[in-house]
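> build me a model from this:
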Amino acid sequence: MDWQNIKEQLQSFLKTELDKTGLKNVTVGVSGGLDSAVVAILCKETFGDNMSAVLMPSQFSSKSSIDDAKELCEKFDIKYEIKSIAPMVEAYIENMDEDKLRIGNFSARMRMSVLYDTSSRDKSIVVGTSNKSELLLGYGTIFGDIACAINPIGQIYKSDEFDFARVLGVPESILNKKPSADLWEGQSDEEELGYSYKEMDTVLKLLVEENKSKEEVIALGHDEILIDRLIYRMNSNAFKGKLPVIANIKWS
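Model (predicted):
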């Protein structure tokens with residue numbers, strides 16, 4: 001794959017979309033994970049000092065997340081600030097009965113609230129960091145990490161993104177870690193989903209890119225349980241990728 005060409009396309013996209021807004025700056029949430037690292041580097045190389053990063057740890061974040069995020073920003077000379085969401089989460093968490101998923105979703109929405117407030121302060125737009133695998137499966141929090149003004153990596157499958165990240169120079173500490181939304185200590189995307197991104201992306205490409213039926217994908221030797229799980233997630237979470245449905249009123 002010609003990642004240099006793709007990089008140039010994405011930089012052109014970023015410039016064009018920012019120009020449409022009349023603004024000059026972009027804001028990116030940097031988590032210490034692969035997706036935000038790729039987007040942060042793209043934005044830095046496209047906008048220079050007209051981009052800023054926000055690191056938003058909570059009391060449930062792993063120490064490596066903040067360390068890896070700092071390493072990335074320092075390597076690429078990205079200006080950043082740290083805004084802990086721990087006080088916001090702590091103020092509400094007693095209502096959640098230790099439900100990890102609810103706490104994780106609430107944390108994701110608090111992070112996006114911080115990002116949008118920062119973008120308002122800086123007169124910037126928020127750049128999204130969700131890859132195609134996550135968007136297809138709805139593996140993200142609506143009005144949380146999925147929210148953004150523009151998204152440069154939404155057409156890149158997670159398993160392919162590692163090669164792109166290497167081309168961009170993402171640090172090994174990020175490349176070698178297990179994919180995680182870091183919503184709670186030890187959380188792992190692949191463990192939650194039940195399969196590796198490589199396994200899921202192989203089937204997703206057949207279903208989405210090649211428009212093959214379930215039966216055709218099974219005939220190619222893929223696990224029926226995996227296929228059913230992916231189809232279910234795509235259908236049940238499709239609403240996350242759409243604007244709210246507004247009732248169409250016929251005025252008499």
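> for the stretch 1-150 of the chain, which segments are assigned as strands?
Listed in chain order, the strands of the stretch 1-150 of the chain (DSSP state E, counting those that start in this stretch) span 25-29, 51-55, 80-82, 124-126.
> do the same with the stretch 151-252 of the chain
Assigned by DSSP E, counting those that start in this stretch, the stretch 151-252 of the chain shows no strands.
> can you map out the helices along it?
For the stretch 151-252 of the chain, the helices defined by DSSP state H, counting those that start in this stretch cover 158-168, 172-175, 189-193, 197-204, 214-219, 224-236.
> thinking again about what came up before, got CSV for the strands of the stretch 1-150 of the chain, with mean neighbour count and mean pLDDT too?
Every C-beta, even on glycine, is put in place using the N, C-alpha and C of the backbone. Conversion of those to CSV gives the following (neighbours: other C-beta atoms under 10 Å; pLDDT from 0 to 100):
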stretch, mean neighbour count, mean pLDDT
strand 25-29, 24, 98
strand 51-55, 24, 97
strand 80-82, 13, 97
strand 124-126, 22, 98
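> nearest to residue 17, out of those strands?
Nearest of the strands of the stretch 1-150 of the chain to residue 17, taken as C-beta to C-beta: strand 124-126 at 8.1 Å.
> from the contact counts, what lies against the closest one?
strand 25-29, helix 100-122 (3 or more C-beta pairs under 8 Å, 6 or more residues apart in numbering; DSSP states H and E).
> residue 169: neighbouring residues, count only.
Residue 169 has 11 neighbouring residues, counting by other C-beta atoms under 10 Å.
> what's the nearest residue to it if we skip its chain neighbours?
The shortest distance from residue 169 to any non-neighbouring residue, by C-beta to C-beta, 6 or more residues apart in numbering, is to residue 41 (7.0 Å).
> from residue 125, how far out is that neighbour?
Computed as C-beta to C-beta, to the nearest Å, the residue 41 to residue 125 distance reads 18 Å.
> and what of residue 36?
Between residue 36 and residue 125 the distance is 16 Å, computed by C-beta to C-beta.
> now residue 210
Distance, residue 210 to residue 125, by C-beta to C-beta: 34 Å.
> dump the helices and strands packed on strand 124-126 to a markdown table, plus distance to residue 12.
Compiled in a markdown table, these are given as follows (distance: least, C-beta to C-beta, whole Å):
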| stretch | distance to residue 12 |
| --- | --- |
| strand 25-29 | 15 |
| helix 100-122 | 22 |
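> number of residues surrounding residue 191?
Going by other C-beta under 10 Å, the residues that sit close to residue 191 add up to 13.
> that one and residue 70: what is the separation?
From residue 191 to residue 70 the distance is 26 Å (C-beta to C-beta).
> same thing with residue 27?
Taken as C-beta to C-beta, the span from residue 27 to residue 70 is 17 Å.
> kindly report the same for residue 29.
Note on residue 29: its distance to residue 70, by C-beta to C-beta, is 14 Å.
> and residue 35, by the same measure?
Distance of residue 35 to residue 70, computed by C-beta to C-beta: 17 Å.
> higher neighbour count, these two?
Set residue 35 next to residue 70 and count neighbours by other C-beta under 10 Å: residue 35 wins out with 23 against 16.
> tell me how far the lowest-mean-pLDDT helix or strand in the chain lies from the chain's centre.
Across the helices and strands of the chain, mean confidence by mean pLDDT, DSSP states H and E is lowest for helix 189-193: a mean of 76. Centroid separation for helix 189-193 versus its chain: 15 Å, with C-alpha atoms, centre = their mean, to the nearest Å.
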